[in-house]
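Fold the following, please.
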Amino acid sequence: MGRNSRHERIRRNPLTIARQAVTISATLSGIQMMQAATRSTERCESELGNKLSPHPARYSVGMMALTASVLETTASVLDPMAGAGGIFELQQHGHTGTITASDIEPPTTWANGDNRVVVADARALPHANHSFSAVVTSPPYGNRMADKLLLDGTRRHTYANAAGRMLADGSAAAMQWSDNYRSTMSRIYSEIARVVVPGGLVVVWVKDHIRSGERQAVAAWTMNQLQQHGELVDLLAVGVPSMKHGANSELRLTAEIGLVLKTNAN
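Numbering: from 1, shown residues only. The predicted structure follows:
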């Protein structure tokens, strides 16, 4: 796939990758914000009531295109935090392997839910060891999208408001950036490593966020967690839109990072 102004693949040797994860702002300074088709960030202006709303976070076209180029001929892929099931869009980018998607919330929660998504808790996946050639996922980032359900008439871009109810118990989407979030995600990454074949691929899309004016190092923390289970072999970057309302709106970051791990051989 050719490189363009919307998204790019950043190839580095392993030592350079570690430095890039820490200095991600500089790395991404030339990436333009993706303007094309993604879900509207104005979702919370609509009625909640009984009307289903789309999942408030999904893979962008650029994320799927780059992921497909990394997976190449991978035979089987799991997304254990699949949300509405956007992982199936890999097929539109030439991926021909089997795709399994699960989430702690049923797909009927969302207006755009794909009924191929099965309900499963990523902390305890219902799969045998070494069941998949690869895992691809984009977990919640512990940002303000984890805020509780607030039906007060104000604009709220959160998972709970999109669902119109409180989220399932134990959902990482309901957790702020905290020890609880990090403990939960650490457990999930261990499960991901368990179900991938030795030497398989794990692609995790993450993004730092701003809290009280300070950047929260979600990408660097995630990289450190993944490296407990293998070697970071690639770093991807895609420009994405960011919300222009609410606290820290002028400081929000406009790129998501794809961390590509090759799991340990034993």
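
Now the closest residue to Ala101 other than its chain neighbours: which helix or strand?
Distances taken as CB to CB, 6 or more residues apart in numbering put Ala82 closest to Ala101, at 3.7 Å, once the chain neighbours are dropped. C-beta here means a position set from N, CA and C on the backbone, and glycine is covered the same way. Assigned by DSSP states H and E, Ala82 belongs to no helix or strand.

ok, then the element right after the lowest-mean-pLDDT helix or strand in the chain?
In the chain, no helix or strand scores lower on mean pLDDT, DSSP states H and E than helix 24-27, which sits at a mean of 41. Per DSSP H and E, the first helix or strand lying C-terminal to helix 24-27 is helix 61-71.

I'd like the distance from that following helix to the chain centre, please.
Computed by CA atoms, centre = their mean, to the nearest Å, the chain-centroid distance of helix 61-71 equals 13 Å.

and it, what other elements does it pack with?
Contacts defined by 3 or more CB pairs under 8 Å, 6 or more residues apart in numbering; DSSP states H and E place helix 61-71 against strand 7-10, strand 132-137, strand 196-206, strand 230-239, strand 255-263.

so the third one versus strand 255-263, what angle?
What separates the directions of strand 196-206 and strand 255-263 is an angle of 170 degrees, with axes from the mean of the first three to the mean of the last three CA atoms, to 10 degrees.

Check the offset of the following helix or strand past strand 196-206 from the chain's centre.
Next helix or strand after strand 196-206 toward the C-terminus (DSSP H and E): strand 209-211. Between the centre of strand 209-211 and the centre of its chain there are 16 Å (CA atoms, centre = their mean).

ok, now stretch 87-100?
Computed by CA atoms, centre = their mean, the chain-centroid distance of stretch 87-100 equals 16 Å.

What are the buried residues along that stretch?
Ile87, Phe88, Glu89, Leu90, His95, Gly97, Ile99, Thr100 (16 or more other CB atoms under 10 Å).

tell me the phi and psi of Gln91?
phi -60, psi -30 (degrees, to the nearest 10).

Return the set of buried residues in the helix or strand containing Arg215.
Under the criterion of DSSP H and E, Arg215 resides in strand 214-216. For strand 214-216, the neighbour count (16+ other CB under 10 Å) marks Gln216 as buried.

Let me see the mean pLDDT of that strand.
Per-residue pLDDT over strand 214-216 has a mean of 88.

What of stretch 176-186?
94.

How about stretch 129-149?
Taken as a whole, stretch 129-149 carries a mean pLDDT of 85.

could you dump that stretch to CSV, C-alpha only?
The C-alpha coordinates for stretch 129-149 follow below in CSV (Å, rounded to 0.1, in the frame of the first residue of the first chain):
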residue,chain,number,x,y,z
ASN,A,129,-4.4,-21.7,24.1
HIS,A,130,-2.8,-20.8,20.7
SER,A,131,-6.2,-20.7,18.9
PHE,A,132,-5.5,-17.7,16.6
SER,A,133,-2.8,-16.6,14.2
ALA,A,134,-3.3,-13.0,15.2
VAL,A,135,-5.2,-10.7,17.5
VAL,A,136,-6.3,-7.2,16.5
THR,A,137,-8.0,-4.8,18.8
SER,A,138,-8.5,-1.2,19.8
PRO,A,139,-9.3,-1.1,23.5
PRO,A,140,-10.8,1.8,25.4
TYR,A,141,-8.2,4.4,26.4
GLY,A,142,-9.3,5.2,29.9
ASN,A,143,-10.4,8.7,28.8
ARG,A,144,-13.5,10.7,29.5
MET,A,145,-15.5,8.5,27.1
ALA,A,146,-15.7,6.2,30.2
ASP,A,147,-17.8,8.8,32.1
LYS,A,148,-21.0,7.4,33.7
LEU,A,149,-24.4,7.7,32.1
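
how about low-confidence regions in this protein?
In the prediction, the chain carries residues with pLDDT under 70 at positions 1-50, 144-157, 240-254.

Okay, buried residues for the strand or helix carrying Ser186 please.
In this assignment (DSSP H and E), Ser186 forms part of helix 179-195. Neighbour-count burial for helix 179-195 flags Tyr181, Arg182, Thr184, Met185, Ile188, Tyr189, Glu191, Ile192, Ala193, Val195 (criterion: 16+ other CB under 10 Å).
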